[in-house]
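In: when you get a sec, could you give me coordinates for this:
(one chain, ligands or ions: 1)
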Amino acid sequence: MSTSPWWRDAVIYQIYPRSFADADGDGIGDLPGITSRLEHLRDLGVDAVWLSPFYVSPQNDGGYDVADFRDVDPLFGTLADIDALLDRAHRLGLRVIVDLVPNHSSSEHAWFRAALAAAPGSPERARYVFRDGRGEQGERPPNNWVSNFGGPAWTRVTEPDGRPGQYYLHLFDSSQPDFDWTNGEVHEEFESILRFWLDRGVDGFRVDVAHGLVKAEGLPDADLSIDPHVDTTTLLPMWDQPGVHDIYRRWRSIVDEYSEDLVDVWGDDADRVLCAEAWVQPSAALSRYVRPDELHQSFNFGYLMTPWIAADLRYSIADSLEATETVGAPQTWVLSNHDVVRHASRFGYPQRPGLARMPGIGADDPQPDTELGLRRARAATALMLALPGSAYLYQGEELGLPEVTRLPDDARQDPSWERSGHTDRGRDGCRVPLPWSADAPSFGFGPGDDSWLPQPDEFGPLAVDRQDGTEGSTLELYRKLLLLRRSRAMGRGGLSWIDGQGDDVVAFQISSGELDTVVIANLGAADLPLPDHLTVLVSSGTHDGDRVPPDTTVWARRAHGT
Ligand code: GLC
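Out: From the prediction side, this is the model:
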């Protein structure tokens, strides 16, 4: 086993399979499409890919509603296609992490169908969270919890005899019933699912809703005034319950059993990894998920929610590093994913201090300043990729793709739009299929015109073939940053702050062995003179030699340094 394993500084690229590349032309991306485009990721310079779900699913929540955890949905291909993808990726030097969705299944899952057909109190119902309603006729849900997508978190079933019956819990869509993790059978099932995919050769798992599996005993009412994404103090009865950690200790021991299995592919650096999707604040609480015998990584959503304001970023970076250092884990950094407004658009709005998760954007909402957003996004990425630890990229950010803010409302597919009574535009705007070729039908996403969400005209000039080899393009910037990050071992480095540059500047040095890299991000409104002993290695924007323009990040070395 490696003493300095790959995942400690890996750059991991998220693929949302529906929207990456479509080989069969049905307008929905698929596994052969992904396999055919893996060279793009090798050339980008990432270490690993994470695939959002491709399992059998009615696709009510983009595949996060899984009906069979051990098979591929025909929309995406077959098990043979995933084997081919793994093989090709490994040959290209790319690890592959898959999504594990243990909080809930689809209502089409065989277990849930059996639960509906069985009686209250039966072992079939005990795999999910079924409860009687409150009130004389059970007319009120068992508690006041609300779904993450809006509306109540409980749905009442019709019993096999035709009468209104019990309720089942769903923290997300009503087609995503929550498992009951007090039931040993659920534990056994997921341990077996982990082994199924480990045996097939995946390099790890991203654990969906990792903070939600265990609910407080008795399912007490919750304080609905609290936003669990940003609150830093209050423990809600459905999130971050201490019992989740026992599950992760067990899973860690399982993946560790497999860390010698892929030695013919990776030599002695063959760890399989687990990364938590846990919207938990503050950082110290989140770091409990990555104690030495638990998960390897956890997404740093505090960083993702930090505005483009120097003081906020300095705080977030220092606080994040301190939290994971305390438990000996690497920190992770992320700016975009399939659940949030793309950072090229978030940063195109006026920035306000404090953490915030921005709702989806519609055509009648205020629109972002696209040019400003892209300039800041490039600077933000250059800042992020300099930080020690591991970084996650979301497909299309390497092209500088904006959020698609003018999708027709009748094209929207995210359940949040319906469940919120058309108040939350949801997450479709960051899920629009990628542009590969400016002049091809569907911008090269597939062989024909079809694309499950309409692509806007602005995607044309941003297509991969327009940016490839084009000096100053966002794609070339990402490639350069990733190359330098690797050659200067920045992900393994130590960070020391450089003070005295002004309130609107984030400046630090990353030291790794003999190499020191100075990183300066100018978030102010005026040019910042570059100290004259520095030679710029890369700039996120235009750079005339001795100044760092507004909303620009540079990496530099000292004149006599390496
Ligand atoms: C996670 C996924 C999100 C999904 C939800 C329910 O938050 O990232 O896309 O809707 O879990 O599975």
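In: could you look up the SS state of the residue in the stretch 301-450 of the chain that the ligand sits nearest to?
Out: Of the stretch 301-450 of the chain, the residue with the smallest distance to the ligand, taken as CB to the nearest ligand atom, is Asp339 at 4.8 Å. No exception for glycine: its C-beta is placed from N, CA and C like everyone else's. When classified by DSSP: H, G, I helix; E, B strand; the rest coil, Asp339 comes out as coil.
In: residues contacting it?
Out: Going by CB atoms under 8 Å, 6 or more residues apart in numbering, Asp339 touches Arg427, Cys430.
In: quick check: the gap between it and Val49.
Out: Distance of Asp339 to Val49, given as CB to CB, to the nearest Å: 18 Å.
In: re the thing from before, quick one, phi/psi of the residue of the stretch 301-450 of the chain closest to the ligand?
Out: phi -110, psi 0 (degrees, to the nearest 10).
In: ok, it to Glu159 distance?
Out: Computed as CB to CB, the Asp339 to Glu159 distance reads 35 Å.
In: which bits of the stretch 51-200 of the chain sit near the ligand?
Out: By CB under 6 Å from any ligand atom, the residues of the stretch 51-200 of the chain that approach the ligand are Asp61, Tyr64, Val101, Phe172.
In: please apply the same query to the chain.
Out: So far as CB under 6 Å from any ligand atom goes, the chain lies against the ligand at Asp61, Tyr64, Val101, Phe172, Asp208, Val209, Glu277, His338, Asp339.
In: if we go to 8 Å?
Out: Counting by CB under 8 Å from any ligand atom, the chain comes close to the ligand at 52, 61-62, 64-65, 101, 103-104, 148-149, 171-173, 176, 208-209, 277, 279, 337-339, 415, 427.
In: pull out the buried positions in stretch 114-128.
Out: The neighbour-count criterion (16 or more other CB atoms under 10 Å) identifies Ala115, Leu116, Ala118, Glu124, Arg125, Ala126, Arg127, Tyr128 as the buried residues of stretch 114-128.
In: need the CA coordinates for that stretch. CSV is fine.
Out: Output of stretch 114-128 as CSV, limited to C-alpha atoms (Å, rounded to 0.1, in the frame of the first residue of the first chain):
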residue,chain,number,x,y,z
ALA,A,114,-42.9,-5.7,-2.1
ALA,A,115,-43.3,-3.3,0.7
LEU,A,116,-46.4,-1.8,-0.8
ALA,A,117,-47.9,-5.2,-1.4
ALA,A,118,-47.2,-6.3,2.2
ALA,A,119,-49.0,-5.4,5.4
PRO,A,120,-48.0,-2.7,7.9
GLY,A,121,-45.5,-4.2,10.3
SER,A,122,-44.2,-6.7,7.8
PRO,A,123,-40.5,-7.4,7.2
GLU,A,124,-41.0,-6.0,3.7
ARG,A,125,-42.1,-2.6,5.1
ALA,A,126,-39.3,-2.6,7.7
ARG,A,127,-36.7,-1.9,5.0
TYR,A,128,-38.2,1.5,4.5
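In: how far is stretch 470-482 from where the chain is centred?
Out: 22 Å (CA atoms, centre = their mean, to the nearest Å).
In: and that stretch, what's buried?
Out: Neighbour-count burial for stretch 470-482 flags Ser473, Thr474, Leu475, Leu477, Tyr478, Arg479, Lys480, Leu481, Leu482 (criterion: 16+ other CB under 10 Å).
In: in the stretch 251-400 of the chain, which spans are strands?
Out: For the stretch 251-400 of the chain, strands defined by DSSP state E, counting those that start in this stretch occupy the ranges 273-276, 297-298, 332-334, 390-394.
In: please work out which of the ones you listed is packed deepest.
Out: Of all those, strand 297-298 has the most neighbours on average by mean count of other CB atoms under 10 Å, namely a mean of 27.
In: ok, Ser57 - contacts?
Out: By CB under 8 Å, 6+ apart, the contact set of Ser57 is Gly63, Tyr64, Asp65, Val66, Ala67, Asp73, Ser106, Glu108.
In: and the second one, what does it touch?
Out: For Tyr64, the set of contacting residues under the criterion of CB under 8 Å, 6+ apart consists of Ser52, Pro53, Ser57, Asp99, Val101, Phe172, Gln176, Asp208.
In: helix, strand or coil for it?
Out: With three-state DSSP as the basis, Tyr64 sits in coil.
In: give me the element the nearest residue to Gly396 once chain neighbours are set aside is part of.
Out: Spatially, and ignoring its direct neighbours in sequence, Gly396 is nearest to Leu434 (5.3 Å; CB to CB, 6 or more residues apart in numbering). Using DSSP states H and E, Leu434 is not contained in any helix or strand.
In: please report how far Leu434 lies from Pro120.
Out: From Leu434 across to Pro120, the span is 47 Å (CB to CB).
In: ok, back up a step: out of the residues of the stretch 51-200 of the chain next to the ligand, who has the most neighbours?
Out: Greatest neighbour count in these, by other CB atoms under 10 Å, goes to Val101: 27 neighbours.
In: distance check, the residue of the chain found nearest the ligand against Val209.
Out: The ligand sits closest to Tyr64 of the chain, with a gap of 3.4 Å, by CB to the nearest ligand atom. According to CB to CB, Tyr64 and Val209 sit 9 Å apart.
In: overlap in contacts of these two?
Out: Contacts common to Tyr64 and Val209, judged by CB under 8 Å, 6+ apart, are Val101, Phe172.
In: can you give me the buried ones in stretch 539-547?
Out: Per 16+ other CB under 10 Å, stretch 539-547 contains these buried residues: Ser539, Ser540, Gly541.
In: all set now, cheers.
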